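> For reference, the sequence and a predicted model appear below.
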Amino acid sequence: MLRILQQIFRTGVVTEPLSDEVETEVVLVGARLEEAIRRRFSRSLVIREVDSGSCNGCELEIIAMNNPVYNSERFGIHFTASPRFADMLLVTGPVSLNMEIALKRTYDATPDPKLVVAVGDCGCNGGIFGESYATLGGVGAVIPVDAYIPGCPPTPVDLLNGILTVIDGRRT
Amino acid sequence: MSKLREIITTHFGIDAVYCVGLSPAFVPEFRIQRERFEEAASMMKRVGARLVAEWAVDETLLGRSFAVYACYAADKEYLLAACDVPLNDPTFPSLTKKYVPAFRFERQIHSLMGLTPSGHAHSDLRPWIKFEDWPPDAWPLRKTFDASRRLPRVAGEYRWARVSGEGVYEIPVGPVHAGIIEPGHFRFQAAGENILNLEERLGYTHKGIEKRFESLSWADGTRLAGRVSGDSTVAHALAYCRAVEGICGCEPPPRAHWLRALLLERERIANHLGDIAAIANDAAFAFLLYQFARLKETILRTNKRLFGNRYLKDRIVPGGIAVDLPLEGADLIRAELDGLLKEFERLLTIYDLSPSLEDRLRTTGILSPELARDLGTVGFVARASGQALDCRIQAPFLPYDQIPPSMVVLDSCDVHARAWVRIEEIRDSARLIREFLLKIPSGELRVPLLPPGPDRSGFSVVEGWRGEIVYWVQSGLSGDINRCMIRDPSSVNWLGLEQAVLGNIVPDFPLCNKSFNQSYSGNDL
Ligand code: SF4
């Protein structure tokens, strides 16, 4: 136990060494994000991630968003296991033929009002996989999409930025 | 002459036609009669060779018919045995009686190429990768199939394996899982908390990758190979490039070989760190999740700084490498590794001294050495179950032939072993990287790639962080891509998971699954 505490103190808060450019970017985006989430989602934006056929590259960066360096939780972003609790679906893809039905069902299971964000070049337009017998192209080909975050894969900062854009853009 | 080759030539005599045209030339390829395809498998089995992969090829554009290939390996040797399958009788002898994993390969061949395995009373011909709602005669890997056509959905039913009895119940999980992971379906039969049977159903992320290759140029194929499995982008791109360089007769400059290995080891460290983090988390030790995830992030950031991409995507190209190690790079990597390993060792002490972690990890999800061997598992999954398999050692290329990795083999066969093999491999990869840095020669980064001749093939194996990745490529008559076969380690290791969870309690499944962490996309293609 002592060792754990020691390590925690030794590590300190890695989330905020703001020396380099990227760090600054995270905090700038984060502050605006936090503000938007506080205003529009009563402090908490709940996201359900759906892999509709990706290569897993986009998932790695979405997971990285939760690591202590980006720590998206501090802006009020939570990932949930069930679409029934979600405000937003973060969907990677190309949507495969074999995931089409599951994606539609997940969309239907998410309560209104909901936001859908297509992630990655594949989520945006099918990317290198395009449209074929096995893939239907981007997420927009299957469910309505509110915003797109391109990149292969988009970095955690791109993701935070993209999420900010969509929740900010919808301000009334 | 090498062992496997000798067995085939002495046993089959002139009936085994040695095929010229496969690169590298030390991997022999034989054509045998269809009726004797299984006989070759028995010979291989008898000397303890494993079945690496089995796949089908449509060779009609090459003036032949269909063909089924099997790849065997023993010690340092790989061998290919193929047979022709006539168009008017698209059946081939099943190898399932000899090799268990053949049933998965053959289901896939049957589903995607429309060739039927025969001679096995229990042949499992349910669709695999293909779903039951595809038209049954949609065989995407045939040349007559139009890949741009949308498939209509048809009515169909999938027959699950069933366990019955008092108190037996079923738990369906997925395809959309609770965490941020890839989609797949698991069907459990359980009594009380104990798992009686697990059946995986994969294919949800099938993107038609193998078919897609056939419409790309050799150079463009690299980008696709780097997107077969996002966490293994370096390993897949490397395996593809090595196969393509073989078929095209292209030899990358020495510096490129060394830098490629450097990237491959960095990919290994990053993924192993992430996995140990995730295993600790699934045993409810969140502290270690965040600590190890932080270390992984440092690797990604150095990658970005030195090579311009966090996951080193698109850095490896046919003929060499697209980026150089900057001047200050070696020092930066050394400093990064010093810092990282110091922290790593400190965290390991905590990991090792935590009784709650030990309680969850030890004796959970055992895959016996016999099963690991019979199922043909590879990579850290095999090594954690006593199998000495690592193709960096068994099929080494520059620089691994000069600076060999240490083979890490454990025998407790449980979640703990699968985590600990990776811990040792992080240490070893760090050592390799340090030694590479001292010896990377200067010089060119890439040479141009000339198109291959007609009807040739190339083969490569690369030890990615998950294990042995196999590529087999074949050129068409105009030197284009006729076929690109990919066997990700996941295709065989998923079989191991089904067995390892038996008798475990359902709540330990996530932990077992994490300790395997196989790729869905690499399996589904
Ligand atoms: S955008 Fe890139 S990383 Fe994301 S799923 Fe597509 S290929 Fe993979």
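Received, thanks. Residues are numbered from 1 along each chain as shown, chains lettered A, B, ... in the order given.

> Can you name the next helix or strand after the helix or strand of chain A with the lowest mean pLDDT?
Here the helix or strand of chain A ranked lowest by mean pLDDT, DSSP states H and E is helix A:21-41, holding a mean of 69. Downstream of helix A:21-41, the next assigned helix or strand under DSSP states H and E is strand A:45-51.

> Spell out which parts of the stretch 101-250 of chain B neighbour chain A.
B:131, B:134, B:138, B:140, B:145-151, B:175-176, B:178-183, B:203-209, B:211-212, B:223-224, B:227-231, B:233 (C-beta under 8 Å from any C-beta of the partner chain). Glycine gets a C-beta too; all of them are placed from N, C-alpha and C.

> Can you name the helix or strand that the most centrally placed residue in chain A falls in?
Residue closest to the average C-alpha location in chain A (C-alpha atoms, centre = their mean): A:L90, at 5.0 Å. Following DSSP H and E, one finds A:L90 within strand A:88-92.

> Would you list the strands that that strand pairs with, along with their directions?
Note on strand A:88-92: by DSSP bridges, its sheet partners are strand A:45-51 (parallel), strand A:115-119 (parallel).

> With B:E265 as the reference, name the closest of these.
Of all these, strand A:45-51 sits nearest to B:E265, with 27.5 Å by C-beta to C-beta.

> Any part of whichever helix or strand comes after that closest one near the ligand?
Using DSSP H and E, the helix or strand that directly follows strand A:45-51 along the chain is helix A:57-65. Yes. Contact between helix A:57-65 and the ligand is present through A:G57, A:C58 (criterion: C-beta under 6 Å from any ligand atom).

> Could you name the helices and strands sitting against helix A:57-65?
strand A:45-51, strand A:88-92, helix A:120-125, helix A:156-169, helix B:286-307 (3 or more C-beta pairs under 8 Å, 6 or more residues apart in numbering or on different chains; DSSP states H and E).

> okay, the ones you listed in a markdown table with mean pLDDT and distance to the ligand next?
Below are the helices and strands packed on helix A:57-65 laid out as a markdown table (pLDDT from 0 to 100; distance: least, C-beta to the nearest ligand atom, whole Å):
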| stretch | mean pLDDT | distance to the ligand |
| --- | --- | --- |
| strand A:45-51 | 93 | 8 |
| strand A:88-92 | 95 | 5 |
| helix A:120-125 | 96 | 3 |
| helix A:156-169 | 83 | 11 |
| helix B:286-307 | 92 | 14 |
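
> Flag every residue of chain A that's near the ligand.
Checking chain A against the ligand by C-beta under 6 Å from any ligand atom, the hits are A:S54, A:C55, A:G57, A:C58, A:T92, A:G120, A:D121, A:C122, A:G127, A:C152, A:P153.

> on that earlier part again, buried ones among the residues of the stretch 101-250 of chain B next to chain A?
B:131, B:134, B:138, B:140, B:145, B:147, B:151, B:175-176, B:180-183, B:203-209, B:211-212, B:223-224, B:227-231, B:233 (16 or more other C-beta atoms under 10 Å in any protein chain shown).

> In chain A, which residue sits nearest chain B?
Of all residues in chain A, the one sitting closest to chain B is A:G57 (2.7 Å; C-beta to the nearest C-beta).

> Hmm, B:V234 and that residue touching each other?
No. When contacts are counted by C-beta atoms under 8 Å, A:G57 is not listed as touching B:V234 (11.9 Å).

> got any residues that touch both of those two?
B:Y311 (C-beta atoms under 8 Å, 6 or more residues apart in numbering or on different chains).

> Report whether B:A73 is found in a strand, as I expect.
Yes. Counting by DSSP: H, G, I helix; E, B strand; the rest coil, B:A73 falls inside a strand.

> what sits against it?
Counting by C-beta under 8 Å, 6+ apart, B:A73 has contacts B:A49, B:R50, B:V52, B:L79, B:Q394.

> And for B:A280?
B:A286, B:F287, B:L288, B:L289, B:F292, B:Y351, B:L357.

> Mind giving me the PyMOL command for buried ones among these?
A single PyMOL command is used to select the members of the contacts of B:A280 judged buried by 16+ other C-beta under 10 Å:
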select buried, chain B and resi 287+288+289+292+351+357
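
> Among the contacts of B:A280, which ones lie close to chain A?
Answer for those near chain A (C-beta under 8 Å from any C-beta): B:F287.

> so where's the stretch 351-500 of chain B uncertain?
Judged against pLDDT under 70, the stretch 351-500 of chain B has no low-scoring part.

> residues in it within reach of chain A, list them.
Going by C-beta under 8 Å from any C-beta, the residues of the stretch 351-500 of chain B near chain A are B:L353.

> Residue of the stretch 351-500 of chain B closest to the ligand, please.
Residue of the stretch 351-500 of chain B nearest the ligand, by C-beta to the nearest ligand atom: B:D488 (14.7 Å).

> Which residue, other than its chain neighbours, is closest to that residue?
Once flanking residues are discounted, B:D488 sits nearest to B:G522: 3.2 Å by C-beta to C-beta, 6 or more residues apart in numbering or on different chains.

> Likewise for B:L300?
B:R310 (4.2 Å).

> Determine the three-state secondary structure at that neighbour.
Applying three-state DSSP: B:R310 is coil.

> burial of it, as a residue count?
Using other C-beta atoms under 10 Å in any protein chain shown, B:R310 has 22 neighbouring residues.

> want to throw the strands paired with strand A:88-92 into TSV with mean neighbour count?
Supplementary listing: the strands paired with strand A:88-92 in TSV, determined by neighbours: other C-beta atoms under 10 Å in any protein chain shown:
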stretch	mean neighbour count
strand A:45-51	25
strand A:115-119	25
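
> Can you add distance to B:L375 and give those strands back as JSON lines?
Shown next, in JSON lines, are those (distance: least, C-beta to C-beta, whole Å):
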{"stretch": "strand A:45-51", "distance to B:L375": "26"}
{"stretch": "strand A:115-119", "distance to B:L375": "35"}
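
> In contact with residue 116, which residues?
All of this refers to chain A. So A:V116 contacts A:M88, A:L89, A:V91, A:Y107, A:V139, A:I143, A:P144, A:V145, A:D146, A:A147 (C-beta under 8 Å, 6+ apart).

> Please refer instead to chain B.
Going by C-beta under 8 Å, 6+ apart, the list of residues near B:T116 reads B:P90, B:T91, B:F92, B:H110, B:L125.

> Dig out what the closest residue to B:E59 other than its chain neighbours forms beta bridges with.
Spatially, and ignoring its direct neighbours in sequence, B:E59 is nearest to B:A67 (5.3 Å; C-beta to C-beta, 6+ apart). On the basis of DSSP bridges, B:A67 is bridged to B:V57, B:D84.

> All good on my end, thank you.
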